[in-house]
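Peer 1: this is a predicted model, with the sequence first.
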Amino acid sequence: MTHRIGIDIGGTFTDFALFDDVGRQIVTHKSLTTPAAPEEAVLEGVLALTRQAGIAAADVSMVVHGTTLVTNAVIERRGSPTAMIVTRGFRDVLDIAMEQRYDLFDLRIRFPEPLVPRTRRFEVDERIATDGTVRRPLVLDGLAEQIAAVIERDGVRGIAVCLLHSYANPSHELAIVEWLETTFPALRVSASSVIFPFAREYPRWTTACLNAYVQPVVDAYVDRLERGLADAGFAGQFLIMSSSGSTLTPDMARRYPVRLLESGPAAGALMSARHSRWLRQPQVLSFDMGGTTAKGCVVRDHVPLKRYEFEVARVHEFKRGSGLPIKIPVIDMIEIGAGGGSLADVDPRGVLRVGPRSAGADPGPACYGRGGREPTLTDANLVLGLLDASSFLGGRMRLDADAARTALDDRIARPLGVSVERAAWGVHEVINEDVAKAFRVHASERGVDYRRCSMIVFGGSGPVHGVRVARKLRIPRVVCPSGAGVMSAFGLLASPVGFELVQSLRVPLAALTPARFGQITGELEARVRAQLASAGVDLARSHTLLRLDMRYEGQGYEVEVRVPALAPERAIAELPGRFADAYATIFGMSFDDRAVEIIAWKCEVQGPVPGSDEAYRLRTTASPAGALRGHRPVYQPEEQRHVQCPVYDRYGLKPGDVVAGPALVEEAESTCVLAAGDTGTIDAELNLVIDIAGARA
Amino acid sequence: MSTKGPVTVDVISLGIQWDRLISIADEIINTLVRSSFSTNVRESYDLSCVIFDSRGRSIAQGAYSVPSFTGTAPATLAAMLARYPAGTLRPGDAIMTNDPWIGTGHLFDINVMQPVFRSGRIVGYTMSITHLPDIGGAGFSAAAREVYEEGLRLPICRLAAEGVLNEPLLELVRTNVRVPEQTLGDLLANYACTTVGGRMLNEFMDEYGLDSIDPLADAILEQSERAIRAEIERIPGGVYRNRIEIEGHDAPLTLACELTVRGGEVHADFTGTSAAIRSAINVPLCYTRAMSCYAIKCLTTPRIPNNEGSVRPVVVSAPEGSLLNAVSPSPTGGRHIVGHFVVPLIFGALADVLPERVQADSGMLNLINVQGRTRDGRGVSSIFFASGGFGALAGLDGAPTTPSPSNMTGTAIEVWEDLTGLVIESKALLQDSGGPGEFRGGLGQRIEFVNDSGSDVSIACLAGRTDFAPRGVRGGRPGGLREIRLNGQKVHPKGRYVLAPGDRLTTLESGGGGYGPPERRDRAALAHDVAQGFVSAGSARDDYGAADE
């Protein structure tokens, strides 16, 4: 039992990585995703992978799984019919929503439909006040008939219980839960105070509704997976990745399915965090660019930054405010509508625009030869010589360079009166700018100086753009990790089991006594531990992280502060200083004379990080022909022309090898591009570490 | 196929550099928002940041800027440079004003400008504009009779000279406002963010090896102007008129416009509009112009970024002394209350020539100003933003409870109650408030507040649509009227009321107007509306002609 398997289900491929914890080796596998029944590809792949590694399923101690199941169920509205119980007078909160337009100039904006239709929301008499006291007692008269009717009529299987101020006093919600469990034992119930006890009714209730909406889907899926793995002889621990970067047991995933949103993308960021340790670089930017989107994340002190709100099912994929707001702990990802399939055109201003529209997989870029006529980023990169028509995807797919040229000429070069090469470079550079801009804004909003970070690049297009994006951000070093194509599956295996609760409770710092502090944090931690213990997690080697959202009284911005693991008196004494430091990091200054208050309390309990802290090495078959494959012309913007550049085979490079830019390093899933003056070195773990020309490393 | 790059600003570089300038303006806004202490800036984004070239032409504006600031900044900068000519400015100088007629229409908005130096020369300017938390005087209300009662009016003056703050001036502001720390804090936030903007503009010029951004500005303005002109040319040429009545202080007011569309230009003239009144809802021409530009932009080129080129083809005029071209000393504190109606006024004028684009009237916002004290003794001075319904468009029902044309966010009930001690007993969609139509107007809402704070609470509502309902277009019917009730009794909507402990305030927020004749509404859509309770069975029968079941 010294092997662990990570499985990441993506839109097209399901990626597998098997870690051998003794030999510190990694074996990978890729199979086509089976969207109708994702567990099929999973089970088939596990068998293929163990065969490839020469072990039995019984030798595997742990399977960790990342999935887009929940996200897709919400986007495609394939959840189960859901009802809602709500404080009298407030059933329309889901329709009234944010009362804000997410685009000021587009009059035709649309908003997402609520997950629970108005006809299935039932009001109850009750009212909790803002301080948690009961204003009006709970009365359940007439509710049973209404609920029985929608079970009968609409086939309702899940119900969300959403009362005002339940984060301050959950007793009414919990009483309703108890009543439902005895009256309607077949219904799955999600109470907003349990799912995320946080002030602001619309996002909290939407989160509870989403949990109820996807619960039956997740139940059935987890059942099938567990059964399938057991049938194959697997007897180890089965875990599912959550949005926050820690894993959940199947029981917890069934209870909190909303926390599986963004389960997949979290894994890539986690692997970057793991690499940051191996590379001894505490601050890194993680940059993943695939076919339709680019994803970024800031890793600080080896940990990806987190946030606590997320938007799902956006009407406009990249417009903030156009989706359903969800409160969950989630890795703080940047999402950019930029990928290989991003379509280029001339916008209403008469200048070049690239993305966020994407050609998708069908018809795909013009060079795929599947009928696409519009130029994409991949077409531009092919014309620039950054990609090769015959070695794309390890030679599995031949690209049509003429089709790429024609598309760029028709839609960009001729309308704008420039050469095809210039147009192609423009497309490439617009994407570099967009990515750099997104990182710049994201990092500076969080008080991170991106200039001192290294960048870890992966995904099909990340390594193609990394060094140019780094130049724009004045970043000195770019790392193309070995096995970048299956980074996410790696990341799954580098994460501990864990759970976090966030509790809204406003306490002025001046009024905080050690006794109160101990009581609040003690109760919160007990709740988190109870969740983990009842889900069968061994808490023997766990540790607790306590964070507070604090702010100056009267100011709307909270700053997260880590609470030191000290006795209450000493912890409280350190809070003002820690708050001032955290505030100054983000806002550039702090104030001595202003009163500070705590707004929310966050408690996270994590198990140990599984596996060895040492680096693992990907088991590959070294290319016998040597590293240098030949030369091909690559467009150099500084010279405004194509120049012959060496092309290396990634699998032929050995530790210590040095590659001087301009050069290309090809691997199965991507091509790492080095610009003029860059120097790439292969490290002991076969990572390609690129020092950017002119930057002070 | 051409193989050589063009000789002027390369169109490929133009796109990239243009977007970068907008990104810099966005980052200036980020800096501003993060260092501000006022809700107007932080949560409502009642602000704008603008970058100019060395000739004072605005070339990039932050994407978040609210409609009130469309195209106002160049005139503000020109006035500042007339007072302090470019040749006299030094690095670290900052100029400011809140004059309603030089800036953006009321004393609350402060305009702060800094020149951007590069190798000893001015290469551009950065400006930020924010709604201050307080400016003294009558406070945020329509109560003033002259501008002198509205607070501190700062002529064009120096906020800083060569990096040293003008302390006597700051002291003057400090002594004249109710919340000096917040107000001074926001002044300094404006100063800091324009400084940051200047630094970023220099870094941008380093990266692209530019000595001047003026050639880039030429290209940006030319492309923008060409794009909006091309769209305006698609509107059939002609003269289009509209006239609406709106609520005044004690008598209705008339807004009239005549739009002349010709040769890629729109001339909006507001002759026929009522005269300015002695209540602080008068609109300086700069604000009338901003709202006109915003309306035309929504109808023609919503995707073209704001700059001087994109507003050049829109010419605005109004008789001096009228409500839409009020002059000093007319009070203007609540200029948006009237000014926001310029948008539906223009949409209405163009309804017959742009039927696929115009929107029926929206229910608009109600600003419920609350002053009091919580049970634990905290002072309360807050605004509750309550949205009416959005107007319908061709092919699209209006969204419920959506602000227009400004975009203040609604406050969460749980946050509001904690902040004010004013309990909300219900907040529900108003059945039948959406104007009937082939496409239905968005529903308004009904909100019930109860004073649970234990002490008196003073309330004033700033909103229209209480006498004149949001109109439908092209056969669509009007949305429901806004109404204010105190303990169940309908009251004058513009009054100031005191809620004793236990008293109840009810607001009915108006719905959006409908689009097209209601008889043409898709029967399945109507059945869905009835099933969800958005439309009553009675209205389905009487307004939509549904057969009784």
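Peer 2: Sure, I can see it.

Peer 1: which helix or strand lies directly C-terminal to the helix or strand of chain A with the lowest mean pLDDT?
Peer 2: With mean pLDDT, DSSP states H and E as the measure, the helix or strand of chain A carrying the lowest mean pLDDT is strand A:617-618 (a mean of 70). Sequence-wise, the next helix or strand beyond strand A:617-618 is strand A:628-636, with elements assigned using DSSP states H and E.

Peer 1: buried ones in that following strand?
Peer 2: By neighbour count on 16 or more other CB atoms under 10 Å in any protein chain shown, the buried set for strand A:628-636 is A:Arg629, A:Arg632, A:Val634, A:Tyr635, A:Gln636. All C-beta spots, glycine's among them, are computed from the backbone N, C-alpha and C.

Peer 1: and if you look at stretch A:17-26?
Peer 2: Burial within stretch A:17-26, assessed by neighbour count using 16+ other CB under 10 Å, is assigned to A:Ala17, A:Leu18, A:Phe19, A:Asp20, A:Asp21, A:Ile26.

Peer 1: looking at these, which is nearest B:Leu172?
Peer 2: A:Ala17 (66.9 Å; CB to CB).

Peer 1: run through the chain and note the low-pLDDT ranges.
Peer 2: This is for chain A. In the predicted model of chain A, residues A:1, A:11-12, A:361, A:394, A:485-486, A:556, A:588-589, A:612-616, A:618-625, A:695-697 satisfy pLDDT under 70.

Peer 1: that was the other one, I meant chain B.
Peer 2: Across chain B, the stretches falling below the confidence threshold (pLDDT under 70) are B:1-8, B:39, B:42-43, B:548-549.

Peer 1: again, only this time at 50
Peer 2: The model of chain B has pLDDT under 50 over residues B:1-7.

Peer 1: how about the helices in it?
Peer 2: For chain B, applying DSSP state H gives helices covering B:11-35, B:39-42, B:73-83, B:167-176, B:180-207, B:214-233, B:285-300, B:308-311, B:335-339, B:342-349, B:413-420, B:523-532, B:537-542.

Peer 1: quick one: name the residues of the stretch 151-300 of chain A near chain B.
Peer 2: Near chain B, the residues belonging to the stretch 151-300 of chain A are A:Leu164, A:His165, A:Tyr167, A:Ala199, A:Arg200, A:Glu201, A:Tyr202 when assessed by CB under 8 Å from any CB of the partner chain.

Peer 1: hmm, try it at 7 Å
Peer 2: Taking CB under 7 Å from any CB of the partner chain as the contact definition, the stretch 151-300 of chain A meets chain B at A:Leu164, A:His165, A:Ala199, A:Arg200, A:Glu201, A:Tyr202.

Peer 1: of those, which is the most crowded?
Peer 2: Comparing these by number of neighbours (other CB atoms under 10 Å in any protein chain shown), A:Leu164 comes first, having 29 neighbours.

Peer 1: grab the nearest non-local neighbour of A:Asp592.
Peer 2: A:Ala580 (7.7 Å; CB to CB, 6 or more residues apart in numbering or on different chains).

Peer 1: what angle sits between the helix or strand where the one you found lies and helix B:11-35?
Peer 2: For A:Ala580, the enclosing helix or strand under DSSP H and E is helix A:568-587. Between helix A:568-587 and helix B:11-35, the angle comes out at 150 degrees (axes from the mean of the first three to the mean of the last three CA atoms, to 10 degrees).

Peer 1: which residues of the stretch 201-350 of chain B lie near chain A?
Peer 2: Taking CB under 7 Å from any CB as the contact definition, the stretch 201-350 of chain B meets chain A at B:Gln223, B:Ser224, B:Arg226, B:Ala227, B:Lys297, B:Cys298, B:Thr301, B:Pro302, B:Arg303, B:Ile304.

Peer 1: list the residues that contact the nearest residue to B:Thr97 once chain neighbours are set aside.
Peer 2: Counting by CB to CB, 6+ apart, B:Ile156 is the residue found nearest to B:Thr97 once chain neighbours are left out, at 4.5 Å. Shown here is B:Ile156, whose contacts under the criterion CB atoms under 7 Å, 6 or more residues apart in numbering or on different chains are B:Ala79, B:Met80, B:Arg83, B:Ile95, B:Thr97, B:Ile102.

Peer 1: what's around the fourth one, how many residues?
Peer 2: As a burial measure, the neighbour count of B:Ile95 was computed by other CB under 10 Å and equals 26.

Peer 1: then the first one?
Peer 2: Residues near B:Ala79, counting by other CB under 10 Å, number 18.

Peer 1: equivalent analysis for the third one, please.
Peer 2: The number of residues packed around B:Arg83, counting by other CB under 10 Å, is 14.

Peer 1: check the gap between it and B:Asp99 for me.
Peer 2: Applying CB to CB, to the nearest Å, one obtains 11 Å for the distance of B:Arg83 from B:Asp99.

Peer 1: coming back round to it: out of the contacts of B:Ile156, which comes closest to B:Glu519?
Peer 2: Within these, distances to B:Glu519 taken as CB to CB reach their minimum at B:Ile102, with 51.6 Å.

Peer 1: the residue lying closest to that closest one once chain neighbours are set aside and B:Gln114, how far apart?
Peer 2: Taking CB to CB, 6+ apart, and ignoring the residues beside it in sequence, B:Ile102 has B:Ala79 as its nearest neighbour in space, at 4.7 Å. For B:Ala79, the distance to B:Gln114 equals 16 Å [CB to CB].

Peer 1: with B:Val498 instead?
Peer 2: Between B:Val498 and B:Gln114 the computed distance is 45 Å (CB to CB).

Peer 1: ok, how many other residues are close to whichever residue of the stretch 301-450 of chain A sits closest to chain B?
Peer 2: Using CB to the nearest CB, the single residue of the stretch 301-450 of chain A nearest to chain B is A:Val351, 3.2 Å away. Counted with other CB under 10 Å, the burial measure for A:Val351 works out to 23 neighbours.

Peer 1: that one contacts B:Val11, correct?
Peer 2: Yes. Contact criterion CB atoms under 7 Å: A:Val351 and B:Val11 qualify, at 6.1 Å.

Peer 1: and the next element down the chain from the longest helix along chain A?
Peer 2: Using DSSP H, we find that the single longest helix of chain A is helix A:201-231. Later in the chain than helix A:201-231, the nearest helix or strand by DSSP H and E is strand A:237-241.

Peer 1: strand partners (parallel or antiparallel) of that following strand?
Peer 2: strand A:60-66 (parallel), strand A:247-248 (antiparallel) (DSSP bridges).
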